[in-house]
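Asker: For reference, the sequence and a predicted model appear below.
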Amino acid sequence: MYIFDFDGVIANSLATCRAACVEAAALQGSQIDLALNPFAELDPLTFDALARSLDLNPTRFVDDVGQFLLSRDPVRIVAGMAEVIRQVAGTQPISVLSASPVDVIRRFLVTEDLADEICSIVGGDGGGSKVEHLRHFARTSPDAPLVMVGDAVSDVLAAQGAAVPFVGVAWGWQSARRLAGAGAGSIADQPKDLPGLLAQAMTEGPR
């Protein structure tokens with residue numbers, strides 16, 4: 001099974017998610033001016049962690065971010081990722097594991113005509129950490145190899161913690177340099193690089 005992060009990997013959602021965070025902070029009386037990429041150094045890369053870094057109520061912040069995202073038009077897909085998902089879905093089941101709410105992800109997949117390519121969605125509104133969810137995937141599918149695709153140091157560490165092979169992407173919210181520094185051995189420079197790297201990771205196992 002291939003397990004994809006959503007924001008920054010599949011969805012070109014940085015600007016929209018930043019706007020959602022600005023709005024959520026304002027609803028708690030904070031007029032903080034977030035950086036253009038407030039997630040670049042965040043660890044773990046979650047809305048909850050950003051709220052805590054801003055001394056805001058994380059539960060309320062996450063809920064307000066989700067409501068903002070649902071009230072806006074769906075974000076657009078990263079160029080080339082629709083073709084990649086359709087290609088690799090023919091070789092392995094695909095799941096999405098993200099900090100974003102399930103309803104936001106599901107609406108995006110329907111809009112991009114990709115819903116039938118995804119077998120399951122785990123969103124941040126369901127609770128639990130990514131390493132916990134990866135371990136659950138491993139327990140429930142012990143005979144099916146897993147590979148995670150992500151764009152954050154916390155994704156690398158989650159995969160390491162669950163003994164799951166990891167493939168990073170260079171176009172995401174955190175830099176390829178940061179991913180490599182955290183131990184990512186394979187990083188796709190472009191979406192078209194992913195199928196080969198995924199097949200290689202599937203056979204080689206964790207690094």
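Answerer: Sure thing, it's come through.

Asker: what's near enough to touch G168?
Answerer: Residues touching G168, when contacts are defined by Cβ atoms under 8 Å, 6 or more residues apart in numbering, comprise 149-151, 155-156, 176, 179-180, 184, 186-188. All C-beta atoms are positioned from the backbone trio N, CA, C, and that covers glycine.

Asker: Identify, from these, the entry nearest to C21.
Answerer: Ranking the contacts of G168 by separation from C21, with Cβ to Cβ as the measure, puts D151 on top at 17.1 Å.

Asker: That closest one and A176 touch, don't they?
Answerer: No - judged on Cβ atoms under 8 Å, D151 makes no contact with A176 at a distance of 9.1 Å.

Asker: Report pLDDT for the most far-flung residue of the chain relative to its centre.
Answerer: In the chain, G29 marks the outermost C-alpha relative to the chain mean, sitting 28.3 Å out by Cα atoms, centre = their mean. Here, the pLDDT recorded for G29 equals 96.

Asker: Let's verify it: helix, strand, or coil?
Answerer: Three states are possible here, and by DSSP: H, G, I helix; E, B strand; the rest coil the one that applies to G29 is coil.

Asker: Look up how far C119 lies from the residue nearest to I77 when sequence neighbours are not counted.
Answerer: For I77, ignoring the flanking residues on the chain, the nearest one in space by Cβ to Cβ, 6 or more residues apart in numbering is E112 at 5.1 Å. Here the distance between E112 and C119 works out to 16 Å (Cβ to Cβ, to the nearest Å).

Asker: Give me the more crowded residue out of these two.
Answerer: Under the criterion of other Cβ atoms under 10 Å, the comparison of E112 against C119 puts E112 first, with 18 against 12.

Asker: List the contacts of that one.
Answerer: Listed by Cβ under 8 Å, 6+ apart, the contact partners of E112 are 74, 77, 82.

Asker: D151 and A176: which has the busier surroundings?
Answerer: When D151 and A176 are compared on other Cβ under 10 Å, the one with more neighbours turns out to be D151, at 28 against 17.

Asker: who's in contact with the more buried one?
Answerer: Neighbour list for D151: 5, 7-9, 45, 168-169, 171-174, 179 [criterion: Cβ under 8 Å, 6+ apart].

Asker: swap in A182?
Answerer: Shown in contact with A182 (Cβ under 8 Å, 6+ apart): 153, 156-157.

Asker: ok, F47 touching V65?
Answerer: Yes - under the criterion of Cβ under 8 Å, F47 makes contact with V65 at 5.0 Å.

Asker: Can you work out which residues contact both of those two?
Answerer: Residues within reach of F47 and of V65 at once, by Cβ under 8 Å, 6+ apart, are 17, 21, 24.

Asker: And those, which is closest to E132?
Answerer: C17 (22.7 Å).

Asker: Quick check: the gap between the closest one and W173.
Answerer: Between C17 and W173 the computed distance is 9 Å (Cβ to Cβ).
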